[in-house]
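Trainee: Provided below are the primary sequence and the corresponding predicted coordinates.
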Amino acid sequence: MKNKGWKLSILILLILLAVWAWNKYYAKIDSEAILAHSVLKDKKFTSKVQEIKADNLSAYFLEEHSNPIISVSFLFRNAGSAYEPEEKMGLIAILENMLTNGTEKYDAISFKDISEEYGIHIGFSASDDNFSGSLQMPSEYKDKAVELFTQVLYSPRFEAKYMDLTKAQLQHIIKRGKEKISVVLGNAFAETIFGDHPYGRPYIGTLETVEAVSAEDLREFMHDYFTSSNIIIGIAGDLTADEAQDLIKQMFGGLASEFNAKPLEKVELHTSGAQHNVPQTFAQAMTHFVTVGTTRKSEDFYPLYLANYIFGGSGLNSRISQVVREENGLTYGIYTTLSLKDAVQTLGGGYSATAENFGKARELLLSEWQKMADKGVTAQELQQAKQALISSHNLRFASIGGISDMLLAMQEYDLGLDFLDKRNDYIRDVTLQQVNAAARKYFKNVPDFVNVGVQETSEKEKD
Amino acid sequence: MNKFILLALFIFGMCQAADAETFKADEFMLDNGLRVVVVENHKAPLVKQMLWYQVGAVDEFRGRGGSAHLLEHILFRGTKKVSGKEFNRIMEQNGAVSNAFTGYNVTAYHQFADVSRLEVLMALEADRMQNLKISEDDFEAERKIVFQERKQVVENNPASPFGERLRQMLWGTSPYGQPITGLPEDIMALKFDETLDFYHKYYAPNNAILVLSGDIDSATARKLTEKYYGKLEKRPVEREQPEVQTEHFEQTLKMQLPKITAPKISITYLLPDHQNLVGSIYDYMVLAEFLGDGETSELYRELVLKRKTALGVSASYNYISRANTTFGISMTPDASVEFSPEKSVEDLQAALKKGMNNLTAERLEQIKRKMLADLVFTNDNPETAAYWIGYMLSLGFSLDEVQNYADRINNVTLEGVKNAFAAVEKASKVVGILLPSDEQDGGQNEE
């Protein structure tokens, strides 16, 4: 009896020890169980997007007082670099720079000194389609910021010595573009895929076209393209709706309303697996590939968005990254993405790889591409993709500048004031059938490739 | 009399309160030596988790350059409890943006996610501190990936041989002279066992700093870090102080490289580490700001706007180092005007001296206002605090140093900045001149 009890306790002790050791060293981490017992629960980012109006202007606004800063993002539609006269390419790049190089009231140095001393940031940039700008400031210096901004928008100086300097700086950047494989590829890609369409123009422009731009050209462009009819505005941060209303009046109330620019001609894109090689040597070759995508408002958008996410849009976990990078170590990175330009929407991507890996990577990519067209995705993959996209929803609220930019995008793509409330449902409601229909429809097109640094003399360009 | 003292104390107290701290932050240490900093930012329900191991490229064995970096990649390849595929999948499912980086001094692993997912992130991060389990196949695949990474990120830049050679001349035999990625032959020479040894030697709670920044308070952070990181075992970690150059030197590196289209000039000065500097790091930060930060700086006004011999110029002070710190100036000469590299270097040095003559008490106050004007933006995205604090603490600074940044800048004196400049002038240096090669490559192959 006594002996038996002793043995039993040893046995129980051993079992307990084994369970403890297994738990400590080998038990799987059960992320769902951790989540279920987590002390930090799901929270909603509660601030609501409002629409504010003032005279003929309107803006999306999000009130957020946790930090005393304000961010205004704005964008003039149909006013990007594709709208520059062809013989004056670079006009917009010059304009972006010249707007903060002196105004009627302030010379360039005083303007920058004052901005920096108050922490006021005024900046401009442009895409092919749009000219955009931003104003960020500590809320206590709102009035000062508005004063500086209106000087920029309504009374820029465009002084000759700064025109000359800006042109020389841009010409230097254009020359140095030859050192950078991403610029060489970007220019070759634009020219090959878009040809004579304004999207086919080189980055910034050429040495000659930059030289040809005058201060008068900048004024004319501002007059024609900076109007209240083609502006959209997003405001976020430490101010009330009334203050936001005053702010847009003060900032943009002086714009004329007449806008006559014609939208760009649509690009007809057809791809068939062509390989276009730019014969240059770099340490590693680089490619962009592209085929037809879909518009933001099309019924296909969310299904294709999810298909792309699973295929090449989700970083290391994407199908192509798993095959080309994780399993075969052929590249440091490979991705696909949807692009939404006004005149063309694409499904495309890119990777870099040493010349000896380059062809093998493409083979694997194309075989996965074909598999996507033939078989689509699995229910499990779709479930995981949805979960990932929904659980990362709040990341868009990380910075106040990110928020005001998002408010712009909501207007640019006409997503509606309630987009943030509905977005997770838009994702959730997509069915497996829809995703696989989109996969069949869009992945049946084989992309065209533009490559730099590939030594494939045997492989001729296909038409 | 007593009343007077009380009043004085009260006023002093008010002044202290007026100079607010940079972040709402708290710090504590777990029993196993893991140092934790919590920064509160409640704008959105988000959190940044950053785990900073006190090990980097300077701790590698000679000829095994790139070990720290390859190991960083390998930490995404799985443990006894979670395979690498699962690790990345769980991160993604929970909406986390997950990544890592390797520096000379540190290796940091970080995620940015919804705060409701923090416990999952912690469970995974704590697990890979001690349970790494990978196969030789994983190791080989990851070796190939970091080789491709070096080609893409370093070698595809035609100026990279210049940058790497300059670093070597500046740092001599110090490990800071080697590239973080390792040279291609180093990467090929890395060994499975040695890389794992490196892991076992340095990855321990008492050799790491955890920063949590976002929608979380200190009490919750204590509870959760104790739960997930508290059980990790402490182990002795010895880290050697990296070797440094001590002899004075002045050298010039002049290099012509294919594909380079325009000349570039730089002067890099080697200064003592932050504990042995003349003055404090803030004197040098103010100096760099005054001389060469942006288009209102002295060098820009003199060389770009007035003399029109350069298209761009900048100065910077790099104190992210456990050994020497460096002060650097770089210039893009305007090669369309009459250009000689030697003359350019002389002009640059003359402009430095001339610029210093313009440093008045008034200008100094303006520079300080500029440096502090953006401080309010550091509380915007919670990631900013996590990086700043992680870097500073990893270099041996206290949390107070970050918290009192405004005071530190405000306390910089005219004399301090002038002394800092004198120290820079006397320091060892490498003058760098990068030029286009004589042969025109015209876009064709030039093997």
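Mentor: That came in fine, so what should we check first?

Trainee: can you tell me the SS state at A:Thr287?
Mentor: strand (DSSP: H, G, I helix; E, B strand; the rest coil).

Trainee: just give the nearest non-adjacent residue to it, would you?
Mentor: A:Asn451 (4.5 Å; C-beta to C-beta, 6 or more residues apart in numbering or on different chains). Every C-beta, even on glycine, is put in place using the N, C-alpha and C of the backbone.

Trainee: please, which helix or strand holds residue 72?
Mentor: Just going to use chain A. Taking DSSP states H and E as the criterion, A:Val72 maps to strand A:69-76.

Trainee: look at chain B instead
Mentor: Counting by DSSP H and E, B:Glu72 is found in helix B:67-74.

Trainee: next SSE after that helix?
Mentor: Remark: after helix B:67-74, the chain's next helix or strand is helix B:84-93, criterion DSSP H and E.

Trainee: only the buried residues of the following helix or strand past that next one, if you could.
Mentor: Heading C-terminal from helix B:84-93, the first helix or strand you meet, by DSSP H and E, is strand B:97-102. Using 16 or more other C-beta atoms under 10 Å in any protein chain shown as the test for burial, strand B:97-102 gives B:Val97, B:Ser98, B:Ala100, B:Thr102.

Trainee: quick check, pLDDT for the third one.
Mentor: Per-residue confidence for B:Ala100 comes out at a pLDDT of 98.

Trainee: tell me the contacts of it?
Mentor: By C-beta atoms under 8 Å, 6 or more residues apart in numbering or on different chains, B:Ala100 lies in contact with B:Glu72, B:Leu75, B:Phe76, B:Thr107, B:Ala108, B:Tyr109, B:His110.

Trainee: looking at the residues you listed, state which has the most neighbours.
Mentor: B:Thr107 (25 neighbours; other C-beta atoms under 10 Å in any protein chain shown).

Trainee: surely B:Tyr317 and B:Met285 touch.
Mentor: Yes - if you go by C-beta atoms under 8 Å, B:Tyr317 and B:Met285 touch, sitting 5.5 Å apart.

Trainee: who touches both of those two?
Mentor: Counting by C-beta under 8 Å, 6+ apart, nothing touches both B:Tyr317 and B:Met285.

Trainee: neighbouring strands of the strand holding A:Val72 in the sheet, and parallel or not?
Mentor: strand A:131-138 (antiparallel), strand A:231-237 (antiparallel) (DSSP bridges).

Trainee: and the ones you listed, which is most packed in?
Mentor: strand A:231-237 (a mean of 25; mean count of other C-beta atoms under 10 Å in any protein chain shown).

Trainee: can you list contacts of that strand?
Mentor: Here strand A:231-237 has contacts from A:52, A:57-64, A:67, A:69-77, A:139, A:244, A:247-248, A:252, A:255, A:400, A:403-408, A:410-412, using C-beta under 8 Å, 6+ apart.

Trainee: show me what contacts the closest residue to A:Leu255 other than its chain neighbours?
Mentor: Leaving out its chain neighbours, the residue that sits closest to A:Leu255 by C-beta to C-beta, 6+ apart is A:Ser228, at 4.4 Å. By C-beta under 8 Å, 6+ apart, A:Ser228 lies in contact with A:Asn56, A:Leu57, A:Phe252, A:Leu255, A:Ala256, A:Ser257.

Trainee: quick check: the gap between A:Ser228 and A:Gln169.
Mentor: 32 Å (C-beta to C-beta, to the nearest Å).

Trainee: go on, A:Ser31?
Mentor: Taken as C-beta to C-beta, the span from A:Ser31 to A:Gln169 is 51 Å.
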